[in-house]
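Student: with the input below, show me the fold.
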Amino acid sequence: MAGENGSEEISVDRDALARIATELQKSAQAVAIAGAELQKNDFGPQHAGANYSHQGDEVAEGLANILAWLTNWQTATNASAQQLGGDAMSYATTDAATTQALRSVGQGIPG
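Tutor: Coordinates of the predicted model:
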């Protein structure tokens, strides 16, 4: 929304940012658990059978790719959660400091 002087006003819902960060952290944990469970399920040519070792290799490669994707997803989600959580705290700290500074300035003005 443009202000009277042409500047843009920005409003940030710190509580919403904190909630989103918490939900992202939960999501990152769930993905990490899924990756850990996937690692428990070893499969390769030795499991595929004597005539299917090539297919066993392909399944093993596919599982390794899925694990890598899950790890990347978990890492990115966790990083996003940390950034948003930090932003929420930063906004709260900045708002508190600005409020205090404005109150200090206002104390010297005769009413």
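Student: could you pull out the helices in the protein for me?
Tutor: 14-40, 45-48, 53-107 (DSSP state H).
Student: the nearest residue to residue 46 once chain neighbours are set aside: what's it in contact with?
Tutor: Once flanking residues are discounted, residue 46 sits nearest to residue 56: 7.0 Å by CB to CB, 6 or more residues apart in numbering. For every residue, glycine as well, the C-beta is placed using N, CA and C. Counting by CB atoms under 8 Å, 6 or more residues apart in numbering, residue 56 touches 43, 44, 45, 46, 47, 48, 49.
Student: also residue 22?
Tutor: With CB under 8 Å, 6+ apart, residue 22 has these contacts: 81, 85.
Student: kindly report the same for the one 3 residues further on.
Tutor: Taking CB under 8 Å, 6+ apart as the criterion, residue 25 is in contact with 78, 81, 85.
Student: distance check, the first one against residue 62.
Tutor: Note on residue 78: its distance to residue 62, by CB to CB, to the nearest Å, is 24 Å.
Student: neighbour count winner among these two?
Tutor: Shown here are residue 78 and residue 62; by other CB atoms under 10 Å, residue 78 has more neighbours (17 against 11).
Student: residues near the closest residue to that one other than its chain neighbours, how many?
Tutor: Closest residue in space to residue 78, ignoring its immediate chain neighbours: residue 28 at 4.0 Å, by CB to CB, 6+ apart. Using other CB under 10 Å, residue 28 is surrounded by 20 other residues.
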